[in-house]
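> Here is my input, please return the structure:
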Amino acid sequence: MRVYPTFFRLAFSWMDAERAHKIGFRGIRLANRCGAGRVLQRITAPAASLRTEAFGLTFPSPFGLAAGFDKEGHGIEALTDLGFGHVEVGTITGQAQPGNPAPRLFRLIEDRAVINRMGFNNDGAAAVAPRLRSARAALQRRYPGVRPVIGVNIGKSKVVELEDAVADYLVSARSLAPAADYLVVNVSSPNTPGLRLLQDVDTLRPLLTAVGEAADTAAGRHVPLLVKIAPDLSDEDVDDVARLALDLKLDGIIATNTTIGRSGLVSSPEQIEACGAGGLSGAPLKQRSLEVLSRLKAATGGAVTLVSVGGVETAQDVQQRLDAGATLVQGYTAFLYEGPFWAARLNRLLAKHPSRR
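Modelled structure (predicted):
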């Protein structure tokens, strides 16, 4: 029997969601600082059969933590202690910003979903960069073989106008690329006004080109570059992004971010209305995320690495995404509901799949 769901119901379900997140994250980091990380590392380490190659990197497991949990690089080492094959930090912006006013994070427990309008709250690229360098060095020391991978997700500062977005992204790329294993351009959050307009391929092309060149120059090596897209794109727009990725020889596409839709929820209309605007993540996103993945796979023919995220809860979900064409899979919302040993449990079950034997 799993204990955490009961613990969540008693300790966290009644608490403000953002406060609960901060308390839980502090607990994870405290365990690492107290030396428990070494013990956890031995217990939660993914089986060698789960090692996965993607854009020139070796991942200990195909399953990782999506951007949003560790927004500022405070807990990378602690999170890898829990068995995640990679941790994607961010979203980080060129300028420090507080994000949107609280409350801004809400649970729909019956739907195993979350609505957030955090607004890219973070300390800014210049402050986060040293944390990434430190974490990367620590992981290299602790994992002399295959270490967990650090991804860095970057977005537009809210105060920057859309016409100046490229220059703003370049601030982050130049600061963060040297310490990143891969870099993600986020143009799909619904919580920064106008950001999703950057998903138009005519706007996206110069942005990705400039970020890729700046990242490689700053790092002195090729930094794999990915773009993260929304589930709310039309099928035709998804196809356009796929063609652009092929044309630019992009390293990967992450599909998908949160949705602005609210269809198919079992929570009461009053509950949903009380949450207000924001991006919906979690179980209700499962079907559309899988549809976008399948469409991208068909459109790219396997020439672009696909990372699937959205509604991933079980090892079966992860395996389904891998079978549908993803090379890597990410989760986030279910982590809040399933607890700290979620990734280790999924890795253990994945290792038993016939394809891994």
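> Can you read off the pLDDT for the most centrally placed residue in the chain?
For the chain, the residue nearest the mean C-alpha position is Ala66 (2.1 Å; CA atoms, centre = their mean). Per-residue confidence (pLDDT) for Ala66: 96.
> Check the spacing between it and Phe120 real quick.
As judged by CB to CB, to the nearest Å, Ala66 and Phe120 stand 15 Å apart. Bear in mind the C-beta positions are built from the backbone N, C-alpha and C, glycine included.
> What ranges does the stretch 101-250 of the chain have for its strands?
105-108, 113-116, 149-155, 182-186, 225-229 (DSSP state E, counting those that start in this stretch).
> how about these in CSV, adding distance to Leu246 and mean pLDDT?
Converted to CSV, the strands of the stretch 101-250 of the chain look like this (distance: least, CB to CB, whole Å; pLDDT from 0 to 100):
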stretch, distance to Leu246, mean pLDDT
strand 105-108, 36, 93
strand 113-116, 32, 94
strand 149-155, 21, 97
strand 182-186, 16, 95
strand 225-229, 12, 94
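> Minimum distance to Thr314: which of those strands has it?
Across these, the minimum distance to Thr314, taken as CB to CB, is reached by strand 113-116, at 15.6 Å.
> elements contacting that closest one?
With contacts taken as 3 or more CB pairs under 8 Å, 6 or more residues apart in numbering; DSSP states H and E, strand 113-116 sits against strand 105-108, strand 279-282, helix 333-338.
> List the buried residues in the helix or strand just after the longest one.
Sequence-wise, the next helix or strand downstream of helix 333-338 (DSSP states H and E) is helix 342-351. Residues of helix 342-351 classed as buried under the neighbour-count rule (16 or more other CB atoms under 10 Å) are Trp342, Ala343, Ala344, Arg345, Leu346, Asn347, Arg348, Leu350, Ala351.
> again, but for stretch 289-309
Buried residues in stretch 289-309 (16+ other CB under 10 Å): 289-297, 299-300, 304-309.
> Can you give me the end-to-end span of it?
Using CA to CA, to the nearest Å, one end of stretch 289-309 lies 7 Å from the other.
> Give me the residues contacting that stretch.
54-55, 66, 226, 229, 231, 233, 235, 238-239, 241-243, 245-246, 250-256, 310-312, 320-321, 324-332 (CB atoms under 8 Å, 6 or more residues apart in numbering).
> Going through those, which ones are buried?
54-55, 66, 226, 229, 231, 233, 238-239, 241-242, 245, 250-256, 310-312, 320-321, 325-332.
> and these, which of them are in helices?
Val238, Asp239, Val241, Ala242, Ala245, Gln320, Arg321 (DSSP state H).
> Closest to Arg107 out of the residues you listed?
The closest of these, once distances to Arg107 are taken by CB to CB, is Arg321, at 23.8 Å.
> In contact with that closest one, which residues?
Residues in contact with Arg321 (CB under 8 Å, 6+ apart) are Leu290, Leu293, Ser308, Val312, Val329.
> and if you look at Ala344?
Contacts of Ala344 by CB under 8 Å, 6+ apart are Ile43, Thr44, Leu82, Gly83.
> show me the residues around the last one that make contact.
Neighbouring residues of Gly83 by CB under 8 Å, 6+ apart: Thr44, Ala45, Pro46, Ser61, Phe341, Ala343, Ala344, Leu346, Asn347.
> That one: which element?
Applying DSSP H and E, one finds Gly83 in no helix or strand.
> returning to that earlier point: pretty sure the residue nearest to the centre of the chain contacts Gln330?
Yes. When contacts are counted by CB atoms under 8 Å, Ala66 is listed as touching Gln330 (3.9 Å).
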